[in-house]
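Asker: No sequence on hand, only this structure:
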């Protein structure tokens, strides 16, 4: 795939991921701190913990994209950001991905970046695959959040890719 097409695809999908996360954040904005922190029995326990994990993963992978050498993923839980601080911080991450992709050359996109995972395994992939991983990871956790919302009297947003295409 020519780099310009790859960049366009990655930009479209990072745009989708940002849009979908905004939809889910908006759907959760009326919940109380207690409701956001309630243990609902999912992999990251609560809505807030799942948001924290997803946000932190996007931040970590963006940091890795701009890195040159081998780096290590952080160990331990995601930082304990409030829901409001995540809402405020996330647009900066989305802009960071967009800026990086806008300026990325073919060499930047295809450069194989090695990362040391928390279990000390080394993960080496081209940078474009890191972008796709970050998008896929966020989609997975948005799905969990939408499932968690079934326990609340809220309208669950449609974050399907076709809904994004229909509005953009």
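Answerer: Perfect, thanks for sending it. For clarity, every value in this text was computed on a predicted model and none was experimentally measured.
Asker: Run through the strands of the protein in chain order.
Answerer: Taking DSSP state E to define them, one finds strands in the chain at 71-72, 112-116, 122-126.
Asker: now those strands as TSV including mean pLDDT and mean neighbour count?
Answerer: C-betas here are computed from N, CA, C, even on glycine. Shown next, in TSV, are these (pLDDT from 0 to 100; neighbours: other CB atoms under 10 Å):
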stretch	mean pLDDT	mean neighbour count
strand 71-72	78	13
strand 112-116	89	14
strand 122-126	92	13
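Asker: got any ranges where the protein has weak pLDDT?
Answerer: For the chain, the stretches flagged by pLDDT under 70 are 1-3, 68-70.
Asker: now the helices for it?
Answerer: Here the chain has its helices, by DSSP state H, at 3-28, 33-37, 47-66, 83-103, 106-110, 127-148, 161-167.
Asker: Out of the strands of the chain, the one nearest residue 7 is which?
Answerer: Residue 7 lies closest, by CB to CB, to one member of the strands of the chain: strand 122-126, at 13.0 Å.
Asker: Parallel or antiparallel, list what pairs with that closest one.
Answerer: Using DSSP bridges, the strands paired with strand 122-126 are strand 112-116 (antiparallel).
Asker: so residue 150 touches residue 156, yeah?
Answerer: Yes. Between residue 150 and residue 156 there is a contact at 7.3 Å, judged by CB atoms under 8 Å.
Asker: Compare these two (neighbour count), which wins?
Answerer: Set residue 150 next to residue 156 and count neighbours by other CB atoms under 10 Å: residue 156 wins out with 15 against 9.
Asker: Surely that one touches residue 146?
Answerer: Yes. Between residue 156 and residue 146 a contact is recorded at 5.2 Å, counting by CB under 8 Å.
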